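Enquirer: got a predicted structure plus its sequence, pasted below:
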Amino acid sequence: MKPSKSKNNVLFSSLVCLYIVSILFAHGALGIRFPNQISQVPKDSPNLPLKSAVFALGSFWRSEAVFGCLDGVVRTTAGYAGGSKINPAYRSLGDHAESVQIEYDPRLINFRQLLEVFWSSHDCRQVFGQGPDVGNQYRSIIFTNGTEESRLAAVSKEREQTKSKSSIVTTQILPLGTFYPAEPEHQKFELKRNPFFLQLIGNVPEEKLESSSPAAKLNSYAAELCPTKIQQQIDSKINDIIRKGWPILREL
Ligand SMILES: *[C@@H]1O[C@H](CO)[C@@H](O)[C@H](O)[C@H]1NC(C)=O
């Protein structure tokens, strides 16, 4: 072998390595939006029942989609909480805030991790609304059940406030009262905007969408709010189905 050729080979392999490393970095950078502990599964914990948490962070259409894709989240429900009006409805919700109830498996995700997603998914400093949605019904609230959750919420709010002192974190921390599920047409709203996705999960009747786990996930996917990796996994499952012909996505 000629010496000049092997020199070229070395140069070529170095370039290939550099290229691969730069790809890895680019992908790492894409994944920073969600806390990475979420996918760690404690293997030896006992079989606990599901827990539930409620947050208000602007329009409940989007709030459902923020949480629906996370590992350990089993169900999401859009609804009303934080006010005193009995049986609120969309056009007359009184002093309630649009909220999302999250049912989760505490072996896979915990309240502290849900708080991290809560803070990173809305502007807690905007007064009286979120983005273009203006009004009291879009205020930011962490609902807590018990002293430990109240403590975790308070600590996380303080941490959020220290990030910048130039504006006030408006988020309220309230003991969880009654959560009123919203009307069926407001459940999985992002998913319903795309009839093709509804077809993918077998055109589940509207009332059933509320309690469906695949619907919660696909709702999040439709809003492009899944973590990048999961977004890509679902992309490829859907492409697979399109290639094969007639749908149904049985699991996500
Ligand atoms: C509050 O927590 C207790 C004990 O952890 C649980 O039994 C109860 O169902 C919770 N309440 C709500 C509304 O989630």
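Expert: Perfect, thanks for sending it.
Enquirer: how close does residue 227 sit to residue 168?
Expert: Here residue 227 is placed at a distance of 30 Å from residue 168 (CB to CB, to the nearest Å). Using the backbone N, CA and C atoms, a C-beta is placed for each residue, glycine as well.
Enquirer: and the two? which has more neighbours close in?
Expert: residue 227 (22 against 11; other CB atoms under 10 Å).
Enquirer: I'd say that one and residue 69 touch.
Expert: Yes. Between residue 227 and residue 69 there is a contact at 6.8 Å, judged by CB atoms under 8 Å.
Enquirer: against the ligand, how distant is residue 68?
Expert: 19 Å (CB to the nearest ligand atom, to the nearest Å).
Enquirer: torsion angles phi and psi at that residue?
Expert: Backbone torsions of residue 68, given as degrees, to the nearest 10, read phi -60, psi -20.
Enquirer: contacting residues around it?
Expert: Going by CB atoms under 8 Å, 6 or more residues apart in numbering, residue 68 touches 76, 216, 217, 219, 220, 225.
Enquirer: let me have the residues you listed in TSV, adding distance to the ligand, neighbour count and secondary structure as columns.
Expert: Output for those, formatted as TSV (distance: CB to the nearest ligand atom, whole Å; neighbours: other CB atoms under 10 Å; DSSP: H, G, I helix; E, B strand; the rest coil):
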residue	distance to the ligand	neighbour count	secondary structure
76	15	31	strand
216	18	29	helix
217	22	24	helix
219	22	30	helix
220	22	28	helix
225	24	22	coil
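Enquirer: so which of those residues is the closest to residue 153?
Expert: Set against residue 153, the nearest of the contacts of residue 68 by CB to CB is residue 76 (19.4 Å).
Enquirer: give me the below-cutoff pLDDT ranges for this protein.
Expert: Across the chain, the ranges flagged by pLDDT under 70 are 1-48, 246-252.
Enquirer: up against the ligand, what does it have?
Expert: Within the chain, the residues that sit near the ligand (CB under 6 Å from any ligand atom) are 52, 145, 146, 176.
Enquirer: which two of these have the greatest separation?
Expert: Based on CB to CB, the longest span within the residues of the chain next to the ligand runs between 52 and 146 and measures 12.3 Å.
Enquirer: apart from its chain neighbours, what residue comes closest to residue 183?
Expert: Leaving aside its sequence neighbours, residue 183 sits nearest to residue 90 (CB to CB, 6 or more residues apart in numbering; 6.0 Å).
Enquirer: so what's the residue count around the one you found?
Expert: Applying other CB under 10 Å, we find 14 residues neighbouring residue 90.
Enquirer: from residue 64, how far out is it?
Expert: From residue 90 to residue 64 the distance is 14 Å (CB to CB).
Enquirer: in contact with the residue of the stretch 101-250 of the chain found nearest the ligand, which residues?
Expert: Proximity of the stretch 101-250 of the chain to the ligand (CB to the nearest ligand atom) peaks at residue 145, 3.7 Å away. Residues counted as contacts of residue 145 (CB under 8 Å, 6+ apart) are 53, 175, 176.
Enquirer: neighbour-wise, give me the winner out of those.
Expert: Among the contacts of residue 145, residue 53 has the most neighbours (other CB under 10 Å), with 23 neighbours.
Enquirer: would you agree it falls within a helix?
Expert: No. If the criterion is DSSP: H, G, I helix; E, B strand; the rest coil, then residue 53 is strand and not within a helix.
Enquirer: what helix or strand is residue 231 on?
Expert: helix 228-244 (DSSP states H and E).
Enquirer: centre of the chain to that helix, how far?
Expert: Taking CA atoms, centre = their mean, to the nearest Å, one finds the center of helix 228-244 at 19 Å from the center of the full chain.
Enquirer: list the buried ones in it?
Expert: 230, 234, 237, 238 (16 or more other CB atoms under 10 Å).
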